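Need the 3D shape of this:
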Amino acid sequence: MGYSKNIVSTLIVRLITLVLGFVTSIALARALGPSVRGELSYFLLVFNTIAEYAPIAILHSVPYFLKRTSYCEKHVLSVDFLFLLLVISVIFSGIFFGSITGLFLTEYSLVQLMIGFVFSALHMFSKLLTLYLMANDRIIEMNKIFLITNLAQQFSVLLLWFFGFLGFPIYILLLLISAVVNLFLTSRCVKLRIVPRKDFGLLRKQFNYGIFVYLGALFGSLFYRVDQFMIKNLSGFSELGIYVIAVIIAERVFLIPESITGPLTGRLYNSQDSATRRLTVESTVRVVLLITIVISLIGVLLRNMIPILFGEEYAGATIPFVIVLLGTIGASIGKCSYPFFLFIGRPWIHTIVTGISLTVNVGINIMLIPSMGIFGAAVATLISYSLYGALYILFLWKYGHNLRQMLIVQKSDLSMFWKKCSTIIGGSRHGRRKDN
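Numbers count the residues shown, from 1 in each chain. Just a heads-up that it's a prediction; the model follows:
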């Protein structure tokens, strides 16, 4: 499957889930209210962070060791599978001990914490198998699994809301069921019999390679979410619930770069020509920049729809939404650029960029949140997101990419995109006519 078709396929899938996700976010906001919505957001923030970053450095090295080393793919997956089992056992012990002693997460019951733990564990295994598919450029299959599980989850949320059953416990249980289905479908797609295997030498090499990628990803995650941790502790769940609505809507823009990251990674690892790789990165940054600017301008014009759709109790999210939305333009550049530095063996660049951006973000939040609340957090986000994108542009330029090719949009970009859309849609229609 070609690079542009992979991107278009991913964008179409993400756009479908984007629309449904927006509707379900309205349902959750209206069903839960700002305070419980903030409680749910903090719960997901904690367990999504555990799922992504508890397997220290190892998962972040999987594509490289699958495609750029002499190790057998099945051996890499088997060794990493055993490592995940060990990590999960440590996480379980920590959560259980913290719950019964009241050291942390005291706002949640033991049952809720165990649901969060199982959700995190399932996510880790799914991530390992998804990285295998991505490294082998099987983007279409990834998209199908994502679409099936996401649609089922979103429609379930809407049905529960319609019949008046949507609440915090029901929603996290639904997330758990969705994680089970996702792991099942992904494992069927991979079709490899993975048996846990011990290889400390491989794990050591993965750690040495992946530690910079891991730190960069960890800093990046905190960079995007540290404001929410701080708002919860400084202003409470209700303010967090309002701010989360602003962030959720604004960061829908990240649909664009996140849809491109997988296909771009597969393209880089499977292309033998350096000139092709360079042009691919430049055109990717250029198109992402154009689309995010257009979407952001549309979002600014529609800002007053927030209290109408979500309810008057969320009217305070309007101004933070506009501020964060403008910041997503710069952050989108960074989100679609970092796979290039992983490919060329310079993961420390991602660490430096995210580390600097995180430091700036935390510093401004500390200064502004106590006096300005969620508005201060939004300003900190705008400044740090813009810095994040600017630093990535500078590093791309340093490593031989043309600034003009990255920043000046060409007429051929949109025409190529729509042509690929028409080809895929027309091809699917032709296929249906042929089947009939």
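
by contact count, what packs against the lengthiest helix in the chain?
Taking DSSP state H as the criterion, the chain has its longest helix at helix 3-53. Contacts defined by 3 or more C-beta pairs under 8 Å, 6 or more residues apart in numbering; DSSP states H and E place helix 3-53 against helix 110-135, helix 139-162, helix 168-190, helix 200-235, helix 237-250, helix 255-270, helix 305-310, helix 411-435. All C-beta spots, glycine's among them, are computed from the backbone N, C-alpha and C.

Could you check the angle that helix makes with helix 110-135?
Put simply, helix 3-53 runs at 150 degrees to helix 110-135, going by axes from the mean of the first three to the mean of the last three C-alpha atoms, to 10 degrees.

what about helix 3-53, distance to the chain center?
Computed by C-alpha atoms, centre = their mean, to the nearest Å, the chain-centroid distance of helix 3-53 equals 9 Å.

right, and the helix or strand after that helix?
helix 62-67 (DSSP states H and E).

who's in contact with the closest residue to Ile170 other than its chain neighbours?
Distances taken as C-beta to C-beta, 6 or more residues apart in numbering put Leu160 closest to Ile170, at 6.0 Å, once the chain neighbours are dropped. For Leu160, the contacting residues are Leu166, Ile170, Tyr171, Leu174, by C-beta atoms under 8 Å, 6 or more residues apart in numbering.

Highest mean neighbour count out of the helices and strands packed on helix 3-53?
helix 237-250 (a mean of 25; mean count of other C-beta atoms under 10 Å).

hmm, who's touching that one?
Helix 237-250 is contacted by residues 22, 25, 29, 32-39, 41-42, 227-228, 231-232, 299, 306, 310, 313-314, 316-318, 320-321, 324-325, 327-328, 373-374, 377-378, 381 when judged by C-beta under 8 Å, 6+ apart.

Can you show me the strands along the stretch 251-400 of the chain?
Counting by DSSP state E, counting those that start in this stretch, the stretch 251-400 of the chain forms no strands at all.

any low-confidence regions in it?
Within the stretch 251-400 of the chain, the stretches with pLDDT under 70 are 261-272.

ok, now with 80
Applying pLDDT under 80 to the stretch 251-400 of the chain picks out residues 255-256, 258-280, 282-284, 287, 338-340, 342-345, 347.

and Leu166, what does it touch?
Neighbour list for Leu166: Ala27, Leu28, Ala31, Leu32, Val157, Leu160 [criterion: C-beta under 8 Å, 6+ apart].

Please enumerate the helices of the stretch 301-436 of the chain.
Secondary structure of the stretch 301-436 of the chain by DSSP state H, counting those that start in this stretch: the helices cover 305-310, 318-343, 347-372, 374-398, 403-407, 411-435.

sorry, back to before: TSV please, covering the contacts of Leu166 and showing distance to Leu59 and pLDDT.
As requested, the contacts of Leu166 are arranged in TSV below (distance: C-beta to C-beta, whole Å; pLDDT from 0 to 100):
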residue	distance to Leu59	pLDDT
Ala27	32	93
Leu28	29	92
Ala31	34	94
Leu32	32	93
Val157	28	94
Leu160	32	94
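
How about the contacts made by the closest residue to Gly216 other than its chain neighbours?
Distances taken as C-beta to C-beta, 6+ apart place His350 nearest to Gly216, at 3.3 Å, with adjacent residues excluded. Contacts for His350 (C-beta under 8 Å, 6+ apart) come out as Phe212, Val213, Gly216, Ala217, Gly220, Tyr338, Phe341, Leu342.

Can you lay out the contacts of Leu166 as a markdown table showing distance to Ser178?
Listed next are the contacts of Leu166 as a markdown table, based on distance: C-beta to C-beta, whole Å:
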| residue | distance to Ser178 |
| --- | --- |
| Ala27 | 16 |
| Leu28 | 15 |
| Ala31 | 18 |
| Leu32 | 18 |
| Val157 | 10 |
| Leu160 | 13 |
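
Of those residues, which is the nearest to Ile293?
Set against Ile293, the nearest of the contacts of Leu166 by C-beta to C-beta is Leu28 (28.9 Å).

how close does the residue nearest the centre of the chain get to Met142?
Centroid-nearest residue in the chain: Glu258, 6.6 Å away (criterion: C-alpha atoms, centre = their mean). Distance from Glu258 to Met142, counting by C-beta to C-beta, to the nearest Å: 12 Å.

Same question for Phe97.
36 Å.

mind checking which of the helices and strands packed on helix 3-53 is nearest Arg346?
helix 200-235 (8.5 Å).

per-residue confidence averaged over that closest one?
Averaged over helix 200-235, pLDDT sits at 86.

Correct me if wrong: Lys232 contacts Ser35.
No. Between Lys232 and Ser35 there is no contact under C-beta atoms under 8 Å: 11.4 Å.

Switch the helices and strands packed on helix 3-53 over to CSV; also include distance to Ile56.
Below are the helices and strands packed on helix 3-53 laid out as CSV (distance: least, C-beta to C-beta, whole Å):
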stretch, distance to Ile56
helix 110-135, 12
helix 139-162, 24
helix 168-190, 21
helix 200-235, 6
helix 237-250, 27
helix 255-270, 21
helix 305-310, 38
helix 411-435, 38
